[in-house]
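Student: all I have is the shape, not the residue letters:
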């Protein structure tokens, strides 16, 4: 009934009940559908969705003769995307504040298996659960020898320590808030000063003021066009309410990556290529929002947050 309704660009309880009545041959009130929008329904749809994900036969996404990708047992990409919801739901799904107005937002957290083209983990949760706080949720889905690719939002030094202990490789963007230290002298590394003399870096560093986790850092300059685009987006983004320094904008001209992959296993350029695979999940998220119209199918007037979860699981 839901799918029949959505294909007609409709999304009310009245329309939903009408479609179910046509399919079943029995009359059904809108109230009957509304009363089904419960926590139990959300849990059931979540289970059905995960069962469906696990049952689909996927094709591998890369050729077996790709020497770079064969260096790792499995390559997985960890990321999240934000969906905007009707403003009436900002109490149930508090989001960020834009121009004095509090938005209603929700997140989809996905661990995408690039090797097998599947989703071992896909959860829907509130916007207030930061990527950093959920960074450890992936451990049940990772094995020694796997490679995980992550954006800077997921940088959690405690989790990265655990990945190292478990023998799981990672490539992650460096968070601007995380400090770096020279592995020999222990002195803080000021990247803006270093990059004035040399435009690239590839070596071991200590990461974190307290943690001092040893990792390999790779820094590569971006093209002038890409650097300019990153700076333009940063200035335009209304969510950023901070006055960033000249140093911050200077570093936007570089790709700064932290990894546990050795130089013997992958060169600096190969690390960059591996991290570039992260665009696969960005493309998938974009298709969900554009082709599935996930944000557009949300009812404009909705005061039941369980209904929102049900719609997302049904659409996916």
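Tutor: All right, it came through fine. Just so you know, these numbers come straight off a predicted model, no measurement behind them.
Student: for the rest of this, base every contact and every neighbour count on C-alpha atoms.
Tutor: Will do.
Student: isn't residue 86 right up against residue 104?
Tutor: Yes. Here residue 86 reaches residue 104: they are 6.3 Å apart, a contact under C-alpha atoms under 8 Å.
Student: the more surrounded of these two?
Tutor: residue 104 (22 against 19; other C-alpha atoms under 10 Å).
Student: that one contacts residue 93, doesn't it?
Tutor: Yes. Under the criterion of C-alpha under 8 Å, residue 104 makes contact with residue 93 at 5.2 Å.
Student: quick one: residue 124 is in a helix?
Tutor: No. Using DSSP: H, G, I helix; E, B strand; the rest coil, the assignment for residue 124 is strand, not a helix.
Student: and the lengthiest strand in the chain, what other elements does it pack with?
Tutor: Looking across the chain with DSSP state E, the single longest strand is strand 101-113. Counting contacts by 3 or more C-alpha pairs under 8 Å, 6 or more residues apart in numbering; DSSP states H and E, strand 101-113 packs against strand 75-85, strand 94-98, strand 118-126.
Student: now do the contacts for residue 250.
Tutor: Neighbour list for residue 250: residue 192 [criterion: C-alpha atoms under 8 Å, 6 or more residues apart in numbering].
Student: element containing it, please.
Tutor: Secondary structure from DSSP states H and E places residue 250 in helix 246-251.
Student: equivalent analysis for residue 255, please.
Tutor: Counting by DSSP H and E, residue 255 is part of strand 254-259.
Student: each with direction, which strands does that strand pair with?
Tutor: Note on strand 254-259: by DSSP bridges, its sheet partners are strand 169-173 (antiparallel), strand 213-221 (antiparallel).
Student: can you put these in CSV and add mean neighbour count, distance to residue 79 and mean pLDDT?
Tutor: Output for the strands paired with strand 254-259, formatted as CSV (neighbours: other C-alpha atoms under 10 Å; distance: least, C-alpha to C-alpha, whole Å; pLDDT from 0 to 100):
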stretch, mean neighbour count, distance to residue 79, mean pLDDT
strand 169-173, 22, 11, 96
strand 213-221, 20, 21, 95
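Student: make JSON lines from these and add distance to residue 293 to it.
Tutor: Putting the strands paired with strand 254-259 into JSON lines (distance: least, C-alpha to C-alpha, whole Å) gives the following:
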{"stretch": "strand 169-173", "distance to residue 293": "29"}
{"stretch": "strand 213-221", "distance to residue 293": "36"}
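Student: now the chain, which segments are flagged as low pLDDT?
Tutor: Filtered on pLDDT under 70, the chain yields the residue ranges 54, 56-65, 237-243.
Student: what residue lies at the spatial centre of it?
Tutor: residue 79 (1.8 Å; C-alpha atoms, centre = their mean).
Student: touching, that residue and residue 109? I think so.
Tutor: Yes. Residue 79 is within contact range of residue 109, at 6.1 Å (criterion: C-alpha under 8 Å).
Student: re earlier: in a markdown table, list the helices and strands packed on strand 101-113 along with distance to residue 279.
Tutor: Output for the helices and strands packed on strand 101-113, formatted as a markdown table (distance: least, C-alpha to C-alpha, whole Å):
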| stretch | distance to residue 279 |
| --- | --- |
| strand 75-85 | 9 |
| strand 94-98 | 25 |
| strand 118-126 | 15 |
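Student: separation between residue 284 and residue 119?
Tutor: For residue 284, the distance to residue 119 equals 11 Å [C-alpha to C-alpha, to the nearest Å].
Student: neighbour-wise, which of these two wins?
Tutor: Using other C-alpha under 10 Å as the criterion, residue 284 and residue 119 rank with residue 119 on top: 16 against 13.
Student: residues contacting that one?
Tutor: Going by C-alpha under 8 Å, 6+ apart, residue 119 touches 53, 110, 111, 112, 113.
Student: can you do 10 Å?
Tutor: Counting by C-alpha atoms under 10 Å, 6 or more residues apart in numbering, residue 119 touches 50, 53, 54, 76, 77, 110, 111, 112, 113.
Student: who wins on neighbours among the residues you listed?
Tutor: Going by other C-alpha under 10 Å, residue 76 tops those with 27 neighbours.
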